[in-house]
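Chemist: Fold the following for me, if possible:
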Amino acid sequence: MISMMEKHVIEKLDLETAIYRILSNEEGPSQNELFRKLEAYSEKLEKCDLVLKVDSGNLSRKLKSLEKDGIVLHVMKKMENRDQDAYSYFIKKDLVTFEHIIKHLAKNIDTSLEVSLFNRKDFKKFLEIKDDRPRDLTMDTKCVLIDALIKSSYVRQLIEISGFKSVYHIYKKEVNGFCDLEVFIELVKRLIQDGLINDFDDIGPEFKSDADTRKIVLEVMYSRSR
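Modeler: Have a look, this model is predicted:
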């Protein structure tokens, strides 16, 4: 995901995270369709120096495990252009499930390599990497994956069911300020435009305070850079 000064570091993406990435689109793929989507996703990730290993056996076992834990569920739907039904997989829409997913995506984010000129210690570690061995996800990559979830149809529908304040509280508790708030600011703008947020009570004081703080910090940083 990160490429600076023509330097490439290979990062490894786990299957569970990839499953969430695909299912959060709310398209309800069958297991075979999900496998094909994961293969295409894996090929796309290679261009970003990310490695995802996918095989049908591991996918089947992971789906069974996620179903057992109540994270993923399936319903029957008729397959297009076929006179038969197939299991259609979705992520369960409740706050407990969302918290589980956010915890998974943000796991060890506080100790992840932060490849930034603002973090001299981690940037030096980044420059010292000499081999192509796949490594744990950097903080930047984790944030990109978390942002993609927040932008997804799944989170949009979850907000309609459980409210923005509850979703944001879980996000803040698990991500703890390591990712930029811009994705939530843009989401709030869309929710206001669509009439799903009508006043500050819908947003909640927690988000309003964090957004105001972010604005002040950016203004200070911009003034110093001039």
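
Chemist: any chance you could map the strands in the protein?
Modeler: 3-4, 7-8, 11-12, 50-51, 72-78, 85-91 (DSSP state E).

Chemist: Dump those to a markdown table, plus mean neighbour count and mean pLDDT.
Modeler: Using the backbone N, CA and C atoms, a C-beta is placed for each residue, glycine as well. Shown next, in a markdown table, are the strands of the chain (neighbours: other Cβ atoms under 10 Å; pLDDT from 0 to 100):
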| stretch | mean neighbour count | mean pLDDT |
| --- | --- | --- |
| strand 3-4 | 12 | 44 |
| strand 7-8 | 12 | 55 |
| strand 11-12 | 17 | 88 |
| strand 50-51 | 18 | 90 |
| strand 72-78 | 13 | 84 |
| strand 85-91 | 18 | 86 |
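
Chemist: Could you give the number of residues near residue 26?
Modeler: Residues near residue 26, counting by other Cβ atoms under 10 Å, number 14.

Chemist: Check the one 5 residues further on too.
Modeler: Taking other Cβ under 10 Å as the neighbour definition, residue 31 ends up with a count of 16.

Chemist: coming back round to it: kindly reformat the strands of the chain as TSV containing distance to residue 29.
Modeler: Shown next, in TSV, are those (distance: least, Cβ to Cβ, whole Å):
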stretch	distance to residue 29
strand 3-4	31
strand 7-8	31
strand 11-12	23
strand 50-51	21
strand 72-78	10
strand 85-91	6
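
Chemist: Could you say which one of those comes nearest to residue 150?
Modeler: strand 85-91 (13.7 Å; Cβ to Cβ).

Chemist: what's the closest one packed up against?
Modeler: helix 15-23, helix 31-46, strand 72-78 (3 or more Cβ pairs under 8 Å, 6 or more residues apart in numbering; DSSP states H and E).

Chemist: What is the neighbour count of the residue lying closest to residue 25 once chain neighbours are set aside?
Modeler: Of all residues not flanking residue 25 in the chain, residue 153 sits nearest, at 5.9 Å (Cβ to Cβ, 6 or more residues apart in numbering). Counted with other Cβ under 10 Å, the neighbours of residue 153 add up to 11.

Chemist: Would you enumerate the residues in contact with residue 153?
Modeler: 24-26 (Cβ atoms under 8 Å, 6 or more residues apart in numbering).
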